[in-house]
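K.L.:
Pasting the sequence and the predicted coordinates here, then a few questions.
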Amino acid sequence: MTETSRLTLDLDALASNHAVLRAAAGGAEIAPAVKADGYGLGAALVAGRLWDEGARSFYVARLSEGVALRRALGDRAAAIYLLDGVTPGSAPAIEAAGLTPVLNSLPQIEAWNSHARGRVLDAALHIDTGMNRLGLRPEEAVVLTGAMDRLKFLNITLVISHLACAGEPDHPLNARQLARFTEVAALFPNARRSLANSGGIFLGEDFRFDQCRPGISLYGGGPRDVPDARIKAVATLEAPILQARVVPRGESIGYGAAFTAQDTTRVAILAVGYADGVPRAAHPRGAVWFDGARRPMMGRVSMDLIAVDITDCDAARPGAMMQIIGPDLLVDEAAAAAGTTAYELLTRIAPRARRVVEGR
């Protein structure tokens, strides 16, 4: 009997999603985001397969992620863009790992230019077009072009920005960001341009430019935060039944007595909980998939256990595996039930889940 949760990673589904996004992007390069350890699925694993599928550029957030990815790729040539840019003291390590920093501020530009010391180093430039996180304001970019000595030792190969509302095609911010990005990127005519994430790819040709940076839709999430028939499930999280029990009418289940049985109810106790990545907030709308049907969770998710309604389900016996997310219960659906997103659900899957890889 399996005693713990199991995470199955389908690399063929990952490759299929890459092909869908590449086709949708037209002639734009697909540069996968593999930050947060490949959205929780293993950056080295997913980047290796995506490299086999033709990806030659990748995005990470932290310096440590970039160093690890460069090591994992070995002699496979690829550009690795570091979204954090040049943080204090990081320039030597960035260069040593062969990473391309995405410069987010005038101080970062100064730090990378100073580090070059007479050589010419590649860099990407991040323009904030309305998200107000990282990136130069458009007016800062204008000032920069008037003081090109700040870029004296830098080869700006790419200008990027990031869409805040790409999953909502009709949101007015999409058009505003596109207009701002088009205007500012024109100040750097020799640089390639990148704006679209997963959702942005499907906003239309105007958003795709030279390079697209998909993340969630590579890993099974829809580009609009709802299931999309074109996108296949990459991660399947399952957990075994530890015990099947009968709860009499009027008795409660779990911490806080948050659920009370209205009738005599047969319940399965699964070996999975929030320590494995199942959101505590999944109660009261969460469900699992078993024997051809959705089975509602009952009571609060605890650290190591959840309870599931198996009334009238004779197949539910100790040792049987129930699907938490996967092809029958898509990650967008499970995330919505917990009031969160597919991004958070995937990146929260814990190492305790035994990992199985298919499609190597």
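P.N.:
Sure thing, it's come through.
K.L.:
I'd say residue 194 and residue 208 touch.
P.N.:
No. Applying C-beta atoms under 8 Å as the test, residue 194 and residue 208 come out as separate, 9.1 Å apart. Bear in mind the C-beta positions are built from the backbone N, C-alpha and C, glycine included.
K.L.:
Compare the two (neighbour count), which wins?
P.N.:
Neighbours were tallied for residue 194 and for residue 208 using other C-beta atoms under 10 Å; the higher tally belongs to residue 194 (29 against 22).
K.L.:
Once you drop chain neighbours, what's closest to that one?
P.N.:
Computed as C-beta to C-beta, 6 or more residues apart in numbering, the closest residue to residue 194 that is not its neighbour in sequence is residue 211, at 3.9 Å.
K.L.:
so what's the closest residue to residue 334 other than its chain neighbours scoring on pLDDT?
P.N.:
Nearest residue to residue 334, sequence neighbours excluded (C-beta to C-beta, 6+ apart): residue 325, at 4.8 Å. Predicted confidence (pLDDT) for residue 325: 98.
K.L.:
same check, this time on residue 196
P.N.:
What the model reports for residue 196 is a pLDDT of 98.
K.L.:
Secondary structure element holding it?
P.N.:
Assigned by DSSP states H and E, residue 196 belongs to neither a helix nor a strand.
K.L.:
Show the contacting residues for it.
P.N.:
Residues in contact with residue 196 (C-beta atoms under 8 Å, 6 or more residues apart in numbering) are 25, 28, 163, 166, 203, 207-209, 212-214.
K.L.:
Who are the packing partners of the element among helices and strands of the chain having the smallest mean pLDDT?
P.N.:
Within the chain, no helix or strand scores below helix 138-145, which has a mean of 92 by mean pLDDT, DSSP states H and E. Applying 3 or more C-beta pairs under 8 Å, 6 or more residues apart in numbering; DSSP states H and E, we find helix 138-145 packed against helix 106-116, helix 172-185.
K.L.:
just checking, residue 307 touches residue 251?
P.N.:
No. Contact criterion C-beta under 8 Å: residue 307 and residue 251 do not qualify, at 11.9 Å.
K.L.:
The two: who's more crowded?
P.N.:
When residue 307 and residue 251 are compared for neighbours, residue 307 comes out ahead with 24 against 13, by other C-beta under 10 Å.
K.L.:
Show me the beta-bridge partners of the residue lying closest to residue 245 once chain neighbours are set aside.
P.N.:
Nearest residue to residue 245 in three dimensions, chain neighbours excluded: residue 267, at 5.5 Å (C-beta to C-beta, 6+ apart). Under DSSP bridges, the beta-bridge partners of residue 267 are residue 245, residue 309.
K.L.:
contacting residues around residue 267?
P.N.:
Residue 267 touches 244-247, 253, 298, 307-310, counting by C-beta under 8 Å, 6+ apart.
K.L.:
Distance-wise, check it relative to residue 96.
P.N.:
Distance, residue 267 to residue 96, using C-beta to C-beta, to the nearest Å: 55 Å.
K.L.:
what about residue 152, neighbour count?
P.N.:
Counted with other C-beta under 10 Å, the neighbours of residue 152 add up to 10.
K.L.:
could you pull out the strands for the stretch 51-200 of the chain?
P.N.:
Along the stretch 51-200 of the chain, counting by DSSP state E, counting those that start in this stretch, strands occupy 57-60, 79-82, 100-103, 121-126, 154-160, 192-194.
K.L.:
so which of those gets nearest residue 143?
P.N.:
Evaluated over those, closeness to residue 143 peaks at strand 121-126, with 13.1 Å, by C-beta to C-beta.
K.L.:
Can you list the neighbours in contact with that closest one?
P.N.:
81, 83, 85, 95, 100-104, 109, 112, 115, 134-136, 141, 153-162, 188, 191.
K.L.:
and residue 7, which of the strands of the stretch 51-200 of the chain is closest to it?
P.N.:
In terms of C-beta to C-beta, the element of those nearest to residue 7 is strand 57-60, at 21.4 Å.
K.L.:
elements contacting the closest one?
P.N.:
When contacts are defined as 3+ C-beta pairs under 8 Å, 6+ apart, strand 57-60 sits against helix 43-52, helix 63-73, strand 79-82.
K.L.:
want to try TSV for these, with distance to residue 223 as columns?
P.N.:
As requested, the helices and strands packed on strand 57-60 are exported to TSV (distance: least, C-beta to C-beta, whole Å):
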stretch	distance to residue 223
helix 43-52	17
helix 63-73	23
strand 79-82	21
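K.L.:
Quick check: which of these is buried the most?
P.N.:
strand 79-82 (a mean of 23; mean count of other C-beta atoms under 10 Å).
K.L.:
where does the chain have low pLDDT?
P.N.:
1-2 (pLDDT under 70).
K.L.:
before we move on, back to that, quick check on the contacts of residue 267: which are buried?
P.N.:
Neighbour counting by 16 or more other C-beta atoms under 10 Å classes 244, 247, 253, 298, 307-310 among the contacts of residue 267 as buried.
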